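**Student:** Here's a sequence, model it:
(one chain, ligands or ions: 1)
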Amino acid sequence: MSNTITESHQTLNFINGEFVSSQHDWLEVISPLDGSQISKVGLSGYSDLDAAVQAAMKAYPNWSGKTLKDRVQVLYKYRELLVKYMDELTELCHRENGKTWSESRAEVEKSIELTEFACSMPQIISNEVQEVSRGVEVRIDRKPLGVVASIAPFNFPNMVPHWTIPNAIALGNCMILKPSELVPMSSTRIAEMLKEAGLPDGVFNIVNGGKETVEAICDHPDIKAVSFVGSTKVAKLVYQRSTANLKRCVALGGAKNHLIVLPGAHEEMTASNVIASMSGCAGQRCMAAAVMVGVDRIEHIIDRMVIEAKKIVPGDNLGSVISLQAKERIEKYINDAEAAGAKVLVDGRNAVVAGKEGGFYVGPTIIDHVTPEMAIAKEEVFGPVIAIIRAKDLNEAIQIENASGYGNAAAVFTQSGGAAREIMERASAGMIGVNIGVPVPREPFPFGGWNDSKFGVCDITGKSSIEFWTQNKKTSVKWNAEAKTNWMS
Ligand code: NAD
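**Tutor:** Residues are numbered from 1 along each chain as shown. The predicted structure follows:
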C-alpha cells in the first residue's frame, strides 16, 4: 500500500490484516493547507464494521492467550518503526491536518512516548495476592475485555489513536479504530506499521466513516468497550448509546480552558506561554487556552502578549484550521464579540497565505474586555483566539472558571505559592497548570478532564487506562486440608 498523496489515492478499511474497500459512499479528504484533494475515504456501514468485529473475535483467543511480556515485544518493534518513519509520518500529519511541520513532528514524538508506556506494562502491572485466612489465598488477575473500539477526532491524527491502541492491545484486547473521516490517512500508516512489527492479523482493524459507523460501533453486541475523543455533543451521544447497549465507555469531550493571570506573574514567561497555548496547532487542541482571566492590573502582560502574537504568521509558524466551515465559525465568534463591545487587539480574520489561497487560515487573535455572558466566553471556538475577561480579584477569577460547563484544563500564572495552591484546590478541571499553559500530564500520568469534558469513570491514558481496558478476575484458593467448615465455606 503506497501513501503517495494524490487525488486518486483511496483510504481503505483495514480488516484482518488486509486493506479492503468499504461498501458505501466515499468522502473527499482535503488538505487544509491549500484546499487540495489528497485522498478519498470510504464511509462504512454496519456490515463493514461487522466484518472487522468478526476478524477481531477470531484473533482474540490467540492474542489474549499470550503473556503480557510476549505481547509487548510487537510494540517494541513498532516503536522502532515510528522512529524509522518519523519524517514520513510527520509529513502525512502535516498534510492531512494542516498543523505545522514541527507540531506534526511533536505529535509523532508523543506517539512514541505513548508506545513506550505500553511497553512498560510488564514492569508496572503485577497482580495482587494475599493470604486472607490461614492456607487460603485470594489473587487478582487483570484480564482483557475482548473486542474494543476507539473513535478519534480530527485534531491529532497520529497521537490520539496512540492514546488507546498500544495500551488496549498490550493488555490483550483486539481493537477496531474509527479515525476521523477528515484525517484518516495517518491511521492507515499505523495499521501498516503494526503489521510490519508482527502484530497478528485481526488484532488491529480500521473501519473508516462518520456518524453511521460510530452508531454501528455503539450498537454492535460483540464490542465490549468504546473509547471516544471528540466534541461534547458527540461524546454525550456516544456515551449514552454505548452504555445503553451495556458497554463500558469513556468519552472525552470539548473544552474551554481558562488561564488565570495574576498581576505578579512573570511578564515574559506568562505572555509567551499564554500565546503559545492559544495558538499552538492553530488553537485546535483540547488543552488550548481559550479564556484568559486577568486579575487586577495586568496591562503590561497584555501588551507583551500583543507583541508575541504579532510574531505568529499564518502559513509560517501557524498552521491552518481544519476546514472552511471551521474558519467561518471562528471568524463569526470574533465578529459577534466585537459587535457586543469586546475590543480586538490582534485580529486574525481574513488571513490569506500567498501561494496557498485555497487553504483555511485564521491568524492569532486577542480580544480584550470580553464579558462572561458573550458566546465567545462560553462556547468552544477551537481556533487561535484568546478572549480576555477582567476580574477584580482571585476569588472572582475562580468563580468565572468554575462557571464554565467544561473542565478539561485550567492554569494559573503567578509567583505566589498561596495563589497557585488556591487554584489547584478550587479550579473545576481535570488537569491543572501552574505557570504552564498546556498542562498535559505526561506518561505515566493519565489524561482526562472533568464536567462536560469527559463522561465515564477512567481517564484515557496512563495507569488509569489499565483499569479501563481490563477486568479483574478474583480467584480464591485453598491450600490446606482443613475439613471443618464455617460461615466462609
Ligand atoms: P467530532 O465530535 O465532530 O468528531 C469526533 C468523532 O465523532 C469523529 O470520528 C466523527 O466521525 C464522529 N462523529 C461526528 N459527528 C458524529 C455524530 N453526530 N454521531 C456519531 N459520531 C459522530 O470532533 P472533531 O471535530 O473531530 O474534534 C474536535 C473536538 O474534539 C473538539 O471539541 C475538541 O475539544 C475535542 N477533543 C477533545 C479531546 C479531549 O481530550 N477532551 C482531545 C481532542 C479533541
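
**Student:** Quick one: name the residues of the stretch 151-300 of the chain near the ligand.
**Tutor:** Neighbours of the ligand within the stretch 151-300 of the chain, by C-beta under 6 Å from any ligand atom: 151-155, 160, 178, 180-181, 210-211, 214, 229-231, 234, 237, 252-255, 286. Every C-beta, even on glycine, is put in place using the N, C-alpha and C of the backbone.

**Student:** Tell me the buried residues within these.
**Tutor:** 151-155, 160, 178, 180-181, 210, 214, 229-231, 234, 237, 252-255, 286 (16 or more other C-beta atoms under 10 Å).

**Student:** Mind checking which of those are in strands?
**Tutor:** 151, 178, 229, 252 (DSSP state E).

**Student:** Need the nearest residue in space to the third one, chain neighbours excluded.
**Tutor:** With C-beta to C-beta, 6 or more residues apart in numbering as the criterion, residue 229 has its nearest non-adjacent residue at 4.6 Å, and that residue is residue 252.

**Student:** now residue 105
**Tutor:** That would be residue 90: by C-beta to C-beta, 6+ apart, it lies 4.5 Å from residue 105.

**Student:** which stretch of helix or strand covers the one you found?
**Tutor:** helix 86-97 (DSSP states H and E).

**Student:** Mind giving me the packing neighbours of that helix?
**Tutor:** Contact here means 3 or more C-beta pairs under 8 Å, 6 or more residues apart in numbering; DSSP states H and E; on that basis helix 86-97 packs against strand 37-42, helix 101-119, helix 185-196.

**Student:** Adding mean neighbour count, write the ones you listed out as JSON lines.
**Tutor:** Shown next, in JSON lines, are these (neighbours: other C-beta atoms under 10 Å):
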{"stretch": "strand 37-42", "mean neighbour count": "21"}
{"stretch": "helix 101-119", "mean neighbour count": "20"}
{"stretch": "helix 185-196", "mean neighbour count": "22"}
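
**Student:** Reformat the ones you listed as CSV; add mean pLDDT.
**Tutor:** Output for these, formatted as CSV (pLDDT from 0 to 100):
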stretch, mean pLDDT
strand 37-42, 96
helix 101-119, 98
helix 185-196, 98
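
**Student:** residue contacts, whatever residue of the stretch 201-350 of the chain ends up closest to the ligand?
**Tutor:** Per C-beta to the nearest ligand atom, residue 230 is where the stretch 201-350 of the chain lies closest to the ligand, at 2.6 Å. Going by C-beta atoms under 8 Å, 6 or more residues apart in numbering, residue 230 touches 151, 152, 153, 180, 238, 252, 253, 254.

**Student:** before we move on, what about residue 457?
**Tutor:** By C-beta under 8 Å, 6+ apart, the contact set of residue 457 is 250, 467, 468.

**Student:** can we see that at 10 Å?
**Tutor:** Residue 457 sits next to 248, 249, 250, 448, 464, 467, 468 when contact means C-beta atoms under 10 Å, 6 or more residues apart in numbering.

**Student:** So the last one sits against residue 456, correct?
**Tutor:** So that's residue 468. Yes. Look at residue 468 against residue 456 with C-beta atoms under 10 Å: they come within range, at 8.1 Å.

**Student:** Identify the contacts common to these two.
**Tutor:** Joint contacts of residue 468 and residue 456 (C-beta under 10 Å, 6+ apart) are 225, 227, 248, 249, 250.

**Student:** bridging residues for the second one?
**Tutor:** I take that to be residue 227. residue 150, residue 250 (DSSP bridges).

**Student:** In contact with it, which residues?
**Tutor:** 148-152, 160, 163-164, 167-168, 175, 177, 238, 242, 248-252, 456, 458, 460, 465, 468-469.

**Student:** go again using 6 Å as the cut-off
**Tutor:** When the contact criterion is C-beta atoms under 6 Å, 6 or more residues apart in numbering, the partners of residue 227 are 150, 164, 250.

**Student:** Tell me the spacing between it and residue 247.
**Tutor:** 10 Å (C-beta to C-beta, to the nearest Å).

**Student:** What of the first one?
**Tutor:** Distance from residue 225 to residue 247, counting by C-beta to C-beta: 6 Å.
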